[in-house]
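K.L.:
the sequence and its predicted three-dimensional model are supplied below.
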Amino acid sequence: MSGRVPYGELRADWLKLRGCLFDPMTRLPALPAVVNDVRRRLEVGEEVGLVYVELPSGEGELANGWRVHDRLILRIAEALTAFRDRVLGERSIVAQLGVRSDQLVVFVDLEDGTQTFDRRHGQLVAELEAALTGDFDAAPMPRSAWVPLRPEPKVRHERSIYAAVARAQELCRRAEARLQGRRLGELRRMLEASEISTRFQPIVDLAAGGVYGYEALSSAPGTEPFESPETLFTFAEESHLIVELERLCRQGAFGAFGSLSSPAKLFLNCSAHAFGDPDLVEDLAAGAEAQGLAPSDVVLEITERVAITEWQEFRQRLGEVRQAGFQVAIDDMGSGYSSLHVVGEIRPDYLKVDATLVHRLHESAIKQDLLEALAGLAEKIGARPIAEGIEVAEELAAVRSLGVSLGQGFLFARPQSATVGGAVRFAVPPRS
């Protein structure tokens, strides 16, 4: 017998090793796979710069879902690789801290000095932000720091490399702490000043044409330090100020709604936290009365930002809301926490079908079957389905063919201030 190991076993062992050293999604090497290359440069006296990139804490899989999170990591990896090829040169190394990690590193030569690399790092950050903007709703911007990695004769080079990573991580943590402090100060200022920005997006009657209602969308009055509404509401939850923020959003929506010219229903986003607010029904009644709205013209959209956990309190408040005459919708049906169990508990007046199900609906028989099933469910429980995210005429035609009579999306209008509210740029012909 020969002492040779069969090829199949060798290949299996190699694949196992590769799985430990290369990320299967980004195809980038993990840090242990490139340490020797960096060490050899340090041994001959070269100066190396380490760039560290991470997604901010609180913006990971729990906030965005693993599919979106993976797409974010892949886009960051692609942007880093493209920047290396175009600007940094082939000697630069892009890697991840580990397989399936959302932390990435780039090793670059510092032959042009630290000031030159300061400028390049700024350019890299700008390109990362540009790569994420547009393709992701409320995309969290990655944090980045860079540190020089110089040869230390008395320190093992491998430890110097990992110590540099730790220094860069600490710089990012300090930057995040400063940002969180600014966010807390701005959120408290907004609450004290009762300052919120409100826009409206029309919900269109697909059967009769015209505007059926408006969804009120709230955000911080400026762009900093909250990059997006999702960042604002996530931070308010973490800071235990979400009840106060949602109360302010309702007040702002009622106040701005009076400027809209056409009569319509008002749809208000409302998380499970709001049902812990003892003043919820009183606030709704006061806001509706001030605008001359009947309670049945106000619809609470229960959003999926957090799961409903305090069911006893939720049921009690929901009963008070219904007894007062207000209506209820379940938002983002078909994703997240919007399960059939929630439908059975809430018995909504409207089911808002998630935009991911409507996207390219005309090209997917499976999506059409799912939407038809949801429309049938809505009919059986006495609710009206609303298709969200309609962006092209083909999606509109598919939605209408499946019996969905209400729709919302960029095809009709983007969110707009109350001063221009009411304008629907895509005429919806009534059914013949």
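P.N.:
Nice, thanks for sending it over.
K.L.:
low-scoring stretches of the protein, by residue?
P.N.:
1-3, 5, 7-19, 56-65, 134-140, 261-262, 304-307, 334-339, 418-432 (pLDDT under 70).
K.L.:
quick one: the strands in it, in order.
P.N.:
Ranges of strands within the chain are 48-54, 93-96, 103-109, 143-149, 197-205, 211-219, 265-270, 298-302, 327-333, 350-353, 384-387, 406-407, based on DSSP state E.
K.L.:
mind checking how far the fourth one is from the chain centre?
P.N.:
Relative to its chain's centre, strand 143-149 lies at 26 Å (C-alpha atoms, centre = their mean, to the nearest Å).
K.L.:
can you list the strands that it pairs with?
P.N.:
Neighbouring strands of strand 143-149 in its sheet, by DSSP bridges, are strand 48-54 (antiparallel).
K.L.:
what's the angle from the strand it pairs with to strand 103-109?
P.N.:
Interaxial angle of strand 48-54 relative to strand 103-109 (axes from the mean of the first three to the mean of the last three C-alpha atoms, to 10 degrees): 160 degrees.
K.L.:
save the strands of the chain as CSV, and put in mean neighbour count and distance to W311 too.
P.N.:
For glycine as for every other residue, the C-beta is placed from the backbone atoms N, C-alpha and C. Putting those into CSV (neighbours: other C-beta atoms under 10 Å; distance: least, C-beta to C-beta, whole Å) gives the following:
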stretch, mean neighbour count, distance to W311
strand 48-54, 24, 36
strand 93-96, 24, 41
strand 103-109, 22, 38
strand 143-149, 21, 37
strand 197-205, 22, 29
strand 211-219, 22, 26
strand 265-270, 23, 16
strand 298-302, 24, 13
strand 327-333, 23, 15
strand 350-353, 27, 20
strand 384-387, 25, 25
strand 406-407, 24, 29
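K.L.:
make JSON lines out of the ones you listed and add distance to A413.
P.N.:
Shown next, in JSON lines, are the strands of the chain (distance: least, C-beta to C-beta, whole Å):
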{"stretch": "strand 48-54", "distance to A413": "37"}
{"stretch": "strand 93-96", "distance to A413": "42"}
{"stretch": "strand 103-109", "distance to A413": "39"}
{"stretch": "strand 143-149", "distance to A413": "35"}
{"stretch": "strand 197-205", "distance to A413": "5"}
{"stretch": "strand 211-219", "distance to A413": "9"}
{"stretch": "strand 265-270", "distance to A413": "14"}
{"stretch": "strand 298-302", "distance to A413": "18"}
{"stretch": "strand 327-333", "distance to A413": "19"}
{"stretch": "strand 350-353", "distance to A413": "17"}
{"stretch": "strand 384-387", "distance to A413": "15"}
{"stretch": "strand 406-407", "distance to A413": "11"}
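K.L.:
quick one: distance of stretch 89-98 to the chain centre.
P.N.:
Per C-alpha atoms, centre = their mean, the centroid offset for stretch 89-98 relative to its chain is 28 Å.
K.L.:
could you give the separation between the terminal residues of it?
P.N.:
23 Å (C-alpha to C-alpha, to the nearest Å).
K.L.:
what lies in contact with that stretch?
P.N.:
The list of residues contacting stretch 89-98 from outside it, by C-beta atoms under 8 Å, 6 or more residues apart in numbering, reads 23, 26, 28-31, 33-34, 37-38, 77, 80-81, 84, 103-109, 165.
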